[in-house]
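Enquirer: how would this look folded up:
(one chain, ligands or ions: 3)
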Amino acid sequence: MSESSTRPAPRVLGVAIPSPLRRLFDYRPGGETPAGGWRPGLRVRVPFGRRQVVGVVLECRDDSALPLATLKPVDACLDDAPLPADWLWLCRFTARYYQHAPGDTLHQALPALLRQGRALEARTRERWRVTPAAEREPPPGLARAPRQAELLAMLRQHPHGLVTQAVLAQSFSRDQLKALVDKGLVERLEEPRTATPTGQAGPLLAEPALPLHREQAAALAVLHERLDAFHPCLLHGVTGSGKTEVYLQLIEAVVGRGRQALVLVPEIGLTPQTLARFRSRFRVPVVALHSGLTDHERLDAWEAAASGRAPIVIGTRSAIFTPLARPGAIIVDEEHDGSFKQQEGLRYHARDLAVARAHRHGVPLVLGSATPSLETLQRALAGDYRHLRLTQRASRHPPARLELVDLRGRPRRGGLIPPVMEAIASTLAAGHQVLVFINRRGFAPTLACHACGWMAECDHCDARMTLHRQPPLLACHHCDRRRALPDACPDCGSADLRPLGSGTERTEETLAERFPETPVHRIDRDSTRRRDALEQTLTEVRRGAPCLLVGTQMLAKGHHLPHVTLVVVVNADAGLYSSDFRALEHSAQLLEQVAGRAGRAAHPGRVLVQTLHADDSNLRLLAARGYDALAEQLLAERRAAALPPFRHLALLRLESPREEAASELGGRAADALREHLAERRLAVDCLGPVPAPMERRQNRYHLQVMLGADKRSRLHEAGAWLVAWLEAEPAARRVRWSLDIDPQTL
Ligand code: ADP
Ligand code: ZN
Ligand code: ZN
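Expert: Numbering: from 1, shown residues only. Ligands and ions are numbered 1, 2, ... in the order given. Down below sits the predicted model:
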């Protein structure tokens, strides 16, 4: 007998309710008692203010801080069984780790229909299958029904049966199906929509796995060593080295043991091609979770994962919150990708939650990347993660090296200098394709001299100053020092001072003018709002006729462009230099990913990187020895400067239409925290408030207070105290604030 049914009913239910408040709300049990008794994880409908809301019971207790008589009863319990326990655990962990309201965390982690109170059930569909009676020749009772005879003949060719849609598509009718059912020749089955058409018996693979090359086989062997334990691995392999093939074969082993695999991919990575690759390998259902699903499809997918019916679940960031009945492995592809971090509301990092989840489940974890984040790389170098390397490309061509092209003092058209324009011309003339990459990352802009490469730096910090336009000035976001815009370059006297990256707006037009015969395809978020528009362009490009591809980040990843043999990076500097200490890491990852597009098939590639800093030591290291060498250098710098991953950070972000309101609250919060830290002798630093990199956005002022600690537990202690202070502070209700644990951008 289960524990809960023997336990007396609780007198108080602690319910998580969609609200920004970091607490539960107490209710009395009410309505019908659920079959298994009151338990955490049951959804309830409760009165909240003047509304009715759906909440989730998280605690069953006998006491409350409020007099029991004042508690309202819940209206109704919505579930027979609690929501999946692994999901509940993850939500609680997430709320605690990110200091986020439990109700809002659960709310964001639930599919919309479950938030609205729908039952956790899969929609079903009908399948029509011949019965043994239909095997007789000629089948009885069809002499005067030729269409029914034809329908029966069709169904006999499909021993697993056909779904209604497939039957109607052949111009048969529902009445004809019913008639066959009435004659006992056909049976009607009902199955979840996510069910596999062939049933799950039979071989797992729909196509044979590729014979692995040596490094892949070695990596897979390590993964096979421990399929029943937490086994974190960094699969560190150059672009095109066959990481996906390793994932596929790990999944084969996991699913073969009756377990489920969860695969997270970046937003840009979940293309029809990627899905097709998984779906064509396995005969079992591969459920995809992404932003393009309808609410119903999302619920179906969630149910298929929670029930264990879907052995393979693949999705973007929020798919980390998919419950799994029998977790067997978690894979995060392109683990360094910025889209895994949610930048508003619940600011979680799906990769970090994947680590926590794999640990909790005791299953292998694979973090795959050609350019691992410094956080993950450090853990691999320290031996916390197994470091599996793939150094060879499956195509045998080594990845192209970056060639730095010095921009200083050279004339530019549409951001491109003459020798680069000539390289483009000769590549097109040779019948190949060219990718022109424009860096548009939202890094804080800084002012640069385009004659000598000088950039505005703070005299007091080892940091670049950020260009502000309203009012025009330079500000340091580390110490808040401000400075007027210089009229001329302090180093060389030139008046050619411009923000980095300016002038690239016209790149596409200039190319179209210069190469009127060649198609120019633009690929960025605006030109590819529709998923299939991008696919159409890429299909066209893969046919191989010479063309120019002009694009932003969207082009950097995943897409296989075998006919591109020249990559041009128009403006490397925009991302390389910014006040954010992670800028160089992110830019180097991007450059390496872009370079990985070149020369994947028959021809080796060239990558030309235009820069004002062709003699910058970091850039030269990246060009000469690649991302791994630069990453080691950056890790050494981070260690020396006490920055992540050697130190843990949290950022209190404050914003208000009134500058004084935000800075007054930020100042008092920081002072209160500093006092608390001193009193408790907590080894946590508190810096600020300082203006955020884009201080004024949409007429709102943004400020931040930074917390730093060597010990994560200390940081969380300080963060929890700060959040409690703000929640109790009346002035904090008039300023929008949030705490960002492990911020990715400063
Ligand atoms: P990555 O994920 O590391 O970028 P992929 O898994 O996409 O690399 O592999 C790149 C290409 O090499 C793909 O076309 C893939 O089919 C092919 N490939 C991968 N592994 C092998 C192998 N063992 N034998 C032959 N081709 C392979
Ligand atoms: Zn200068
Ligand atoms: Zn400074």
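
Enquirer: And the helices in the stretch 351-500 of the chain, which stretches?
Expert: 374-381, 418-429 (DSSP state H, counting those that start in this stretch).

Enquirer: from the stretch 551-700 of the chain, which residue is nearest to ligand 2?
Expert: Minimum separation of the stretch 551-700 of the chain from ligand 2 (C-beta to the ion) falls at residue 612, amounting to 9.8 Å. C-betas here are computed from N, CA, C, even on glycine.

Enquirer: and the helices of the stretch 351-500 of the chain as JSON lines, adding distance to residue 490 and mean neighbour count?
Expert: Formatted as JSON lines, the helices of the stretch 351-500 of the chain follow (distance: least, C-beta to C-beta, whole Å; neighbours: other C-beta atoms under 10 Å):
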{"stretch": "helix 374-381", "distance to residue 490": "33", "mean neighbour count": "21"}
{"stretch": "helix 418-429", "distance to residue 490": "29", "mean neighbour count": "15"}
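
Enquirer: Residue 76: how many residues sit nearby?
Expert: 15 (other C-beta atoms under 10 Å).

Enquirer: about what we covered before: so the residue of the stretch 551-700 of the chain closest to ligand 2 touches residue 405, yeah?
Expert: No: using C-beta atoms under 8 Å, residue 612 makes no contact with residue 405, being 10.5 Å away.

Enquirer: which one of those two has more residues nearby?
Expert: Neighbour count, other C-beta under 10 Å: between residue 612 and residue 405, residue 612 has more, with 23 against 19.

Enquirer: And the pLDDT for that one?
Expert: pLDDT, residue 612: 88.

Enquirer: Run through the residues of this protein sitting next to ligand 1.
Expert: Residues of the chain found near ligand 1 (C-beta under 6 Å from any ligand atom) are 210-213, 216, 237, 239-245, 394.

Enquirer: other SSEs contacting the lengthiest helix in the chain?
Expert: Looking across the chain with DSSP state H, the single longest helix is helix 617-641. Contacts defined by 3 or more C-beta pairs under 8 Å, 6 or more residues apart in numbering; DSSP states H and E place helix 617-641 against helix 374-381, strand 402-406, helix 583-595, strand 606-611.

Enquirer: on that earlier part again, out of the residues of the chain next to ligand 1, the closest to residue 521 would be?
Expert: Taking C-beta to C-beta as the measure, residue 239 is the one of the residues of the chain next to ligand 1 closest to residue 521, at 21.1 Å.

Enquirer: So which residues make contact with the one helix or strand residue 724 maps to?
Expert: Under the criterion DSSP states H and E, the helix or strand holding residue 724 is helix 712-728. Helix 712-728 has contacts (C-beta atoms under 8 Å, 6 or more residues apart in numbering) with 21-22, 97, 99, 648-650, 652, 669, 672-673, 676-677, 682-684, 686, 707-709, 732, 737, 739, 741.

Enquirer: again, 7 Å this time
Expert: By C-beta atoms under 7 Å, 6 or more residues apart in numbering, the list of residues contacting helix 712-728 from outside reads 22, 99, 648, 650, 652, 669, 672-673, 676-677, 682-684, 707, 709, 732, 737, 739, 741.

Enquirer: Could I have the buried ones of those residues as ChimeraX selection syntax?
Expert: One line in ChimeraX is enough to select the buried members of these, burial here meaning 16 or more other C-beta atoms under 10 Å:
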select :22,99,648,650,652,669,672,673,676,677,682,684,707,709,732,737,739,741
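
Enquirer: For the helix or strand following the longest helix of the chain, name the packing helices and strands.
Expert: Next helix or strand after helix 617-641 toward the C-terminus (DSSP H and E): strand 648-656. Helices and strands touching strand 648-656, by 3 or more C-beta pairs under 7 Å, 6 or more residues apart in numbering; DSSP states H and E, are helix 659-680, strand 700-709, helix 712-728, strand 736-741.

Enquirer: Now do the buried residues in the helix or strand residue 513 falls within.
Expert: Per DSSP H and E, residue 513 falls inside helix 507-514. By neighbour count on 16+ other C-beta under 10 Å, the buried set for helix 507-514 is 507, 508, 510, 511, 512, 514.

Enquirer: Could you list the domains of the chain?
Expert: 12-116, 124-192, 214-390, 402-443+501-638, 648-741 (the TED database).

Enquirer: most packed of these?
Expert: Most buried of the domains of the chain, by mean neighbour count (mean count of other C-beta atoms under 10 Å): domain 214-390, with a mean of 21.

Enquirer: what about it, start to end distance?
Expert: End-to-end distance of domain 214-390 (C-alpha to C-alpha, to the nearest Å): 9 Å.

Enquirer: what about that domain, distance to the chain center?
Expert: 11 Å (C-alpha atoms, centre = their mean, to the nearest Å).

Enquirer: repeat for stretch 548-558
Expert: Here stretch 548-558 is found 18 Å from its chain centre; the criterion is C-alpha atoms, centre = their mean.

Enquirer: Run through the strands of the stretch 401-550 of the chain in chain order.
Expert: 402-406, 433-437, 447-449, 466-469, 472-475, 482-483, 497-499, 520-523, 548-551 (DSSP state E, counting those that start in this stretch).

Enquirer: rank those by pLDDT, which is bottom?
Expert: strand 466-469 - the lowest mean pLDDT of the strands of the stretch 401-550 of the chain, at a mean of 75.

Enquirer: Name every strand pairing with that strand and say which way it goes.
Expert: strand 472-475 (antiparallel) (DSSP bridges).
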